[in-house]
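Student: after the sequence you'll find the predicted model.
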Amino acid sequence: MSPRTRRAVAAALTAAAVAALTACGAPLPQPTPPAKPAVAPAAVTPAQDERVLTSLGKVLEKGDEALDAKLLEPRVSGPALAIRKVEYVANDVTDGKDELTPIPASALTTIVPQTQTWPRTQLVITPQPDDLKAQRILVMRQSDPRSQYRMWAWARLLPGTEMPLTADPSLGSPVVAPDDDSLLMTPQQAVDRYTDVLAKGSKSTYASSFAEDAARKEIEDVRAATRKNLGDQGKLTERYEPSGAPVVAWRTVDGGAVVVGSFTTTSKVELTTDGTIPITDKLERKLTGKKEAEKSFARTFTDIVVLYVPPADADAPARLLAAEHALTKASAS
């Protein structure tokens with residue numbers, strides 16, 4: 001048998017052996033995708049958070065120096081952008097007397113969601129600003145995987161407030177659905193009922209469901225003073241409306257939840273007798289384009305609330321942790 005013939009026979013025998021093994025043996029192992037974790041990971045790492053806040057600080061510095069809201073858009077959106085834009089107007093028309101809200105671009109602690117979906121929202125509790133005023137809670141939101149995290153809103157921590165315990169940021173806190181009924185009230189109900197309390201005070205059906213707070217008292221004091229000044233010459237009406245943004249919540253260690261919601265408040269004064277309503281505030285003059293109103297004067301505020309809602313079996317009421325109530329529109333007729 002020639003060398004060429006021996007090689008051909010050997011090749012044929014090898015092919016036959018492989019075919020036999022394939023036919024009679026166990027199927028070859030196939031690659032399988034990795035199993036999904038039982039618990040979703042934290043949406044962002046502490047190192048990523050630090051980079052996001054550093055970038056936010058640089059963007060705020062540029063926008064604040066130029067009083068130009070367009071410069072904020074890479075890192076600021078939603079109510080935060082609307083409020084800062086009006087703050088720029090106020091700062092400009094008062095020659096700097098109406099100062100901008102200090103926003104420290106650093107974290108004392110964070111509440112990071114456990115999630116693998118978008119949009120993603122996390123809270124940043126800042127250190128106390130240099131002016132020694134209230135700490136801020138920054139609401140940071142990422143709309144999709146390719147978008148930057150932007151500051152969607154901020155709120156001022158109420159004096160003496162202690163934040164409820166949440167999971168370590170490296171682990172993340174479970175996200176609570178707006179209709180979750182494991183709480184004293186669902187997150188959506190918490191925001192809706194709190195606005196009812198703001199509108200009606202002690203007459204609200206839900207007044208006892210919330211602890212008293214300084215922000216609510218301030219709104220009630222302003223309302224009472226306005227009605228007293230009006231006397232029988234006019235009437236005051238207030239309207240509270242949802243902003244359309246979804247309510248977001250995170251589970252706390254005790255089974256409760258930290259809840260963030262937003263809404264608008266419209267306060268309208270209408271004359272019932274002859275006369276005019278003087279508009280003395282420089283910002284309100286700028287927004288309305290008038291020095292006085294002949295019939296009515298309306299102001300619209302953008303509101304952010306951060307609430308703590310206890311678990312369903314708790315004896316304590318829900319309470320306000322932080323709030324922002326900022327003028328963003330005004331009109332006169």
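Tutor: Cool, got the structure.
Student: the residue nearest the centre of the chain: which element?
Tutor: The centre of the chain sits closest to V139, judged by CA atoms, centre = their mean, with a distance of 3.8 Å. Taking DSSP states H and E as the definition, V139 sits inside strand 136-142.
Student: which residues does that strand contact?
Tutor: Outside strand 136-142, the residues within contact range by CB atoms under 8 Å, 6 or more residues apart in numbering are 43, 52, 77-78, 80, 101-104, 118-126, 129, 148-157, 248, 260, 304, 306, 321-322. The C-beta positions use only the backbone N, C-alpha and C, and glycine is treated the same way.
Student: point out where the stretch 101-250 of the chain drops to low pLDDT.
Tutor: For the stretch 101-250 of the chain, the stretches with pLDDT under 70 are 132.
Student: how about the helices in it?
Tutor: Under the criterion DSSP state H, counting those that start in this stretch, the stretch 101-250 of the chain contains helices at 187-200, 214-230.
Student: and of those helices, who's closest to K133?
Tutor: helix 214-230 (13.4 Å; CB to CB).
Student: if we go by neighbour counts, what in stretch 99-107 is buried?
Tutor: Of the residues in stretch 99-107, those scored as buried under the neighbour-count criterion (16 or more other CB atoms under 10 Å) are 101-105, 107.
Student: what sits against P102?
Tutor: By CB under 8 Å, 6+ apart, the contact set of P102 is 129-131, 133, 136.
Student: now with 10 Å, please.
Tutor: Applying CB atoms under 10 Å, 6 or more residues apart in numbering to P102 gives the contacts 60, 64, 126, 128-134, 136.
Student: ditto for F297
Tutor: For F297, the residues meeting the contact criterion (CB under 10 Å, 6+ apart) are 234, 267-271, 276-279, 284, 288, 290, 330-333.
Student: what subset of the contacts of P102 is buried?
Tutor: Buried members of the contacts of P102, scored by 16+ other CB under 10 Å, are 60, 64, 126, 134, 136.
Student: show me the contacts for the first one.
Tutor: Taking CB under 10 Å, 6+ apart, we find L60 in contact with 71-72, 75-76, 84, 100, 102-105, 151.
Student: repeat that for 8 Å
Tutor: 72, 75-76, 103, 105.
Student: which residue is the nearest non-sequential neighbour of V260?
Tutor: Spatially, and ignoring its direct neighbours in sequence, V260 is nearest to V248 (4.9 Å; CB to CB, 6 or more residues apart in numbering).
Student: so what's the residue count around the one you found?
Tutor: Applying other CB atoms under 10 Å, we find 25 other residues in the vicinity of V248.
Student: isn't it up against T121?
Tutor: Yes. Judged on CB atoms under 8 Å, V248 makes contact with T121 at a distance of 4.7 Å.
Student: joint contacts of those two?
Tutor: For the pair V248 and T121, residues contacting each of them under the criterion CB under 8 Å, 6+ apart are 139, 260.
Student: out of the contacts of L60, which is nearest to K200?
Tutor: Distance ranking of those against K200, using CB to CB, places I103 first at 32.6 Å.
Student: could you report the separation of the closest one from V93?
Tutor: Spatial separation of I103 from V93 under the definition CB to CB, to the nearest Å is 21 Å.
Student: tell me what A155 is bridged to.
Tutor: A155 has these beta-bridge partners by DSSP bridges: I137.
Student: wait, what's in contact with it?
Tutor: When the contact criterion is CB under 8 Å, 6+ apart, the partners of A155 are 136-137, 139, 304-306, 322-324.
Student: got it, and A214?
Tutor: When the contact criterion is CB under 8 Å, 6+ apart, the partners of A214 are 158-159.
Student: among the contacts of A155, which two are most distant?
Tutor: Farthest pair in these (CB to CB) is R136 and V305. Separation: 14.1 Å.
Student: sorry, back to before: and the contacts of A155 as a markdown table, adding distance to G201?
Tutor: Listed next are those as a markdown table, based on distance: CB to CB, whole Å:
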| residue | distance to G201 |
| --- | --- |
| R136 | 27 |
| I137 | 25 |
| V139 | 27 |
| I304 | 21 |
| V305 | 16 |
| V306 | 21 |
| A322 | 21 |
| A323 | 16 |
| E324 | 20 |
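Student: list just the nearest of those residues to D254.
Tutor: Nearest to D254 among those, counting by CB to CB, is V306 at 16.7 Å.
Student: partner strands of the stretch of helix or strand that closest one belongs to, parallel or antiparallel?
Tutor: Applying DSSP H and E as the criterion places V306 in strand 296-309. Based on DSSP bridges, the strands next to strand 296-309 in the sheet, each with its direction, are strand 257-271 (antiparallel), strand 319-332 (antiparallel).
Student: if anything else comes up later, I'll come back, but that's it for now.
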